[in-house]
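Participant: Just the structure for this:
(chains A and B)
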There are 2 protein chains.
Amino acid sequence: MTVDSAVLDDRSARAWLSVSVEPGMPAVAQLVEEVGAPEAVRALSAGRPVPDVRPGTDPDPASTAAAVLAAGAASGLRWLCPGDDEWPAGLGGLSHAGTLHRRGGVPYGLWVRGDHVLERVCRQAVAVVGARSSTSYGDDTAGDIAAGLGDAGVTVVSGAAYGIDAAAHRGALAVGGATVAVLACGADVVYPRGHDGLLARAVAAGSVVSEAPPGAHPAKVRFLARNRLIAAMTQVVVVVEAGWRSGALNTLAWGNRLHRSCVGVPGPVSSTASAGVHLALREHRAELVTGAAEVREALALIGTEPPDGVSAWNRGELRDTDGLGTEQLDVLEVLEVTTGMTVADVAGRTPLPRDAARQVLAMLAERSLVRCLDDGWRRAALPRGHDDRTLP
Amino acid sequence: MTVDSAVLDDRSARAWLSVSVEPGMPAVAQLVEEVGAPEAVRALSAGRPVPDVRPGTDPDPASTAAAVLAAGAASGLRWLCPGDDEWPAGLGGLSHAGTLHRRGGVPYGLWVRGDHVLERVCRQAVAVVGARSSTSYGDDTAGDIAAGLGDAGVTVVSGAAYGIDAAAHRGALAVGGATVAVLACGADVVYPRGHDGLLARAVAAGSVVSEAPPGAHPAKVRFLARNRLIAAMTQVVVVVEAGWRSGALNTLAWGNRLHRSCVGVPGPVSSTASAGVHLALREHRAELVTGAAEVREALALIGTEPPDGVSAWNRGELRDTDGLGTEQLDVLEVLEVTTGMTVADVAGRTPLPRDAARQVLAMLAERSLVRCLDDGWRRAALPRGHDDRTLP
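Facilitator: Residues are numbered from 1 along each chain as shown, chains lettered A, B, ... in the order given. Alright, predicted model coming up:
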């Protein structure tokens, strides 16, 4: 089927761009924003030079577009474009997020494998990214975090590499959570080969997406373009392990650019797999998190999740021993967090008579510093951090 | 020897306070600041009530003072007082640092074991504190950091507990560094018993100090008072491992109060021994550090160390690939950090002719992005963090 290029529609024009231009070329994205995709195709297919794009002409862009759309359909891919209901809102942020390594801009479109509505899948989504050369500590942690997010109905977005990416998908999938794999190759290409099962499960539970055309092979430079999509499609970017030179730090940098909430999981300082994360934490390019609950707090802080998941601690309702008197401090000191104690026990270990001990306990309970369980009074378990008076 | 209390000198008056009042009672410290030590002793020994101090009278404070000074001398302790040349300047900050757990104030004096000049020993000093129930990871890390500080001529200050305290002392002593052990018991008391050798070596290489009188046994409440001294005598407070309820967090809180540079070493998020540190890092009560070099940077930032130890990275001289052209990025991409490559190799793996490759390499070398070693051209090894373009 051949159509005159003069009447190439927006969707076909974007399909042409997908197959004719490398993903994430900012000059092309800018041209599309300025004159629209059809006009951009007209100019580019006629050989108009654009920075970083190899000159080349296409005498019949409509055929080219039709061919790629047919190839996508044949591979079971849908072609989503900006303006579609299903288009994830976050991708719009890329139009004013600048470039990193000369990649940037809103994607011309997304090839999607899977039947879920992508916009809905990404409405509460967290990127969990990290090193391919991860440690078992990193894999376990990424899996735990992803499982905690999946349990809470939060979508996990990552690449499809070995290491942290795979651990994140597996963790979320294991608890029935949704995941989105964003690929640097075609959405119909299985890369790495060993991840065919993983990708199939991601398709079933979420989506596999790419801006590269069907059949496109992974190329180094495409990972740089791909990383911006992972950050843009999510509200929080979590880096679990990343060496100093890990590509995950590029995803983190996109998260910073896009004003996403960026967080990082620390590890042993002796682990080179955590060195890049530690550097990012030191430079305040990411906040430290230790697990899924804290990632969900970051999500809640940006208003996409109700604050159910937020601990009293992080809502600022710190429980404080400042201002307590000697009797109250004495009682707190003898209580245990894990074992209950009767009022008589408490009185026996403090200078207080039993009645006074009971009154002090009631007062401390009002301040949530102690609680009464079946086996008696315990000190409350929540961390009280800076004002804790436990001693050697 | 009995002296009339009317003529008790400042030094004797302070010795009386040391033996008659618990360390770190803020009301007493305030009284001493207001009316001077001799007048404070006159009031207290006559039974004047002061908040948190048990009323009691001493008909002969001069004898009491003389006795404790004699006991100290017999135990080989020196009695340092504010105003002495040897008095560490940082302790003065405690006069306006408020209280934590109802402890605070400038110490009445310090009992010192060891011949080194304490003020000089503390002029470049870092507190390395942490949990008694440390892990081998924590011990190793504390030891490494202390060794790095000792190597750089920085004094390590800590308690004398098992775990991180001991690891810190050992690390510094192993490289011939100076350490100060600040005790909650008398400076002549060996506690814990197993640390007699460690304390003896600290005396030889630095000092063992305490505000508790000679022979005083460790009491829980004295650790709270003691912690403020560790923070006040140093410029940087490092917490290596601390559970949620670790006393090391009290030392950290004193560091915050005293506006010391407070830093923490992360660990595996699965380690409860690091939970308190992670919380402190999350709440920005401490900055993340991964080793001695970064602790020394914190020390340099507060102006007590020349910036020799500061990496180019932290001076803001980031090496950046932004602004590089395609040819330069192509060349960077083929180079390895650990293996050299000839110009011919580089040309062979890029579209560049050999002359152009040589020019590009020279240009990159000027920007310190590559370097030429015996085996050829390599990519520079320094971390470039957020703008790193290494790809999966």
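Participant: in chain A, what residue sits furthest out from the centroid?
Facilitator: Most distant from the centre of chain A: A:P353, at 55.1 Å, with distances by C-alpha atoms, centre = their mean.
Participant: Now that residue. Nearest residue, chain neighbours left out?
Facilitator: Once flanking residues are discounted, A:P353 sits nearest to A:A347: 6.3 Å by C-beta to C-beta, 6 or more residues apart in numbering or on different chains. Placement of C-beta: from N, CA and C, glycine included.
Participant: show me what contacts the one you found?
Facilitator: A:353-354, A:356-357 (C-beta atoms under 8 Å, 6 or more residues apart in numbering or on different chains).
Participant: Now intersect these with the helices, please.
Facilitator: A:354, A:356-357 (DSSP state H).
Participant: Out of the residues you listed, grab the one that's most surrounded.
Facilitator: When the ones in helices among the contacts of A:A347 are compared by neighbour count (other C-beta atoms under 10 Å in any protein chain shown), A:A357 ends up highest, at 26 neighbours.
Participant: The helix or strand that contains A:A293 near chain B at all?
Facilitator: A:A293 belongs to helix A:292-301 when elements are defined using DSSP states H and E. Yes: using C-beta under 8 Å from any C-beta of the partner chain, helix A:292-301 reaches chain B at A:E294.
Participant: can you dump the C-alpha coordinates of that helix into CSV?
Facilitator: These are the backbone C-alpha positions of helix A:292-301, laid out as CSV (Å, rounded to 0.1, in the frame of the first residue of the first chain):
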residue,chain,number,x,y,z
ALA,A,292,9.6,-1.0,49.9
ALA,A,293,7.9,0.9,52.7
GLU,A,294,10.2,3.9,52.2
VAL,A,295,9.8,3.8,48.5
ARG,A,296,6.1,3.9,49.0
GLU,A,297,6.5,6.9,51.3
ALA,A,298,8.4,8.6,48.5
LEU,A,299,5.5,7.8,46.2
ALA,A,300,3.0,9.1,48.8
LEU,A,301,4.9,12.3,49.2
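Participant: Name the next helix or strand downstream of that helix, please.
Facilitator: The helix or strand immediately downstream of helix A:292-301 is helix A:326-334, counting by DSSP H and E.
Participant: Domain ranges for chain A, per the record?
Facilitator: Domains of chain A are assigned by automatic domain parsing as A:5-74, A:94-309, A:326-387.
Participant: can the contacts of A:A347 go into TSV with extra columns for pLDDT?
Facilitator: Shown next, in TSV, are the contacts of A:A347 (pLDDT from 0 to 100):
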residue	pLDDT
A:P353	80
A:R354	81
A:A356	82
A:A357	84
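Participant: Return the closest of these with respect to A:G264.
Facilitator: A:A357 (45.5 Å; C-beta to C-beta).
Participant: Just to check, the closest one is in contact with A:T350?
Facilitator: Yes: counting by C-beta atoms under 8 Å, A:A357 touches A:T350, with 6.5 Å between them.
Participant: what touches both of these two?
Facilitator: Common neighbours of A:A357 and A:T350 (C-beta under 8 Å, 6+ apart) are A:V331.
Participant: residues contacting A:V331?
Facilitator: A:346, A:350, A:352, A:357, A:360-361, A:364, A:370.
Participant: Among those residues, which lie within helices?
Facilitator: When DSSP H is applied, the contacts of A:V331 are split such that A:346, A:357, A:360-361, A:364 fall in helices.
Participant: between the domains of chain A, which gets nearest to B:S274?
Facilitator: For B:S274, the closest of those is domain A:94-309, at 8.0 Å, according to C-beta to C-beta.
Participant: Give me the phi and psi angles of the residue of the stretch 1-150 of chain A found nearest chain B.
Facilitator: When distances are taken as C-beta to the nearest C-beta, the stretch 1-150 of chain A reaches nearest to chain B at A:H101, 4.9 Å away. With angles defined as degrees, to the nearest 10, A:H101 sits at phi 50, psi 40.
Participant: Am I right that it is in contact with A:L249?
Facilitator: No: counting by C-beta under 8 Å, A:H101 sits too far from A:L249 to count as a contact (11.6 Å).
Participant: Look at the two and report which has more neighbours.
Facilitator: Neighbour count, other C-beta under 10 Å: between A:H101 and A:L249, A:L249 has more, with 32 against 21.
Participant: Against chain B, how distant is the more buried one?
Facilitator: Separation of A:L249 from chain B (C-beta to the nearest C-beta, to the nearest Å): 6 Å.
Participant: can you give me how far the helix or strand hosting that residue is from the chain middle?
Facilitator: In the assignment (DSSP H and E), A:L249 maps to helix A:248-257. Mean-position distance between helix A:248-257 and its chain equals 11 Å (C-alpha atoms, centre = their mean, to the nearest Å).
Participant: Chain neighbours aside, what residue packs nearest to the closest residue to chain B within the stretch 251-392 of chain A?
Facilitator: Using C-beta to the nearest C-beta, A:P266 is the residue of the stretch 251-392 of chain A that sits closest to chain B, at 3.3 Å. Using C-beta to C-beta, 6+ apart and skipping the chain neighbours, the partner closest in space to A:P266 is B:P266 (3.3 Å).
Participant: wait, what's in contact with the one you found?
Facilitator: B:P266 sits next to A:266-267, A:269, A:278, A:281, A:288, B:274, B:277-278, B:281, B:288, B:290 when contact means C-beta under 8 Å, 6+ apart.
Participant: What about those residues, which are in strands?
Facilitator: A:288, B:288 (DSSP state E).
Participant: so which of the contacts of B:P266 is the most crowded?
Facilitator: For these, the largest number of neighbours (other C-beta under 10 Å) sits with B:V277, at 34 neighbours.
Participant: doesn't B:V239 make contact with that residue?
Facilitator: Yes: shown here, B:V277 and B:V239 form a contact pair, counting by C-beta under 8 Å, at 5.3 Å.
Participant: Are there residues contacting both of the two? Which ones?
Facilitator: B:264-265, B:286.
Participant: Buried ones only from those residues, please, as a PyMOL command.
Facilitator: Provided next is the PyMOL selection string for whichever of the shared contacts of B:V277 and B:V239 are buried by 16 or more other C-beta atoms under 10 Å in any protein chain shown:
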select buried, chain B and resi 264+265+286
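Participant: Of the shared contacts of B:V277 and B:V239, which ones also sit close to chain A?
Facilitator: Okay, of the shared contacts of B:V277 and B:V239 touching chain A (C-beta under 8 Å from any C-beta), that's B:V265.
Participant: about what we covered before: any idea how far the residue farthest from the centre of chain A lies from B:D84?
Facilitator: Using C-beta to C-beta, to the nearest Å, we find A:P353 at a distance of 47 Å from B:D84.
Participant: Also A:A178?
Facilitator: Distance of A:A178 to B:D84, given as C-beta to C-beta: 68 Å.
Participant: Looking at those two, which is more packed in?
Facilitator: Of the pair A:A178 and B:D84, A:A178 is the one with more neighbours under other C-beta under 10 Å, namely 25 against 15.
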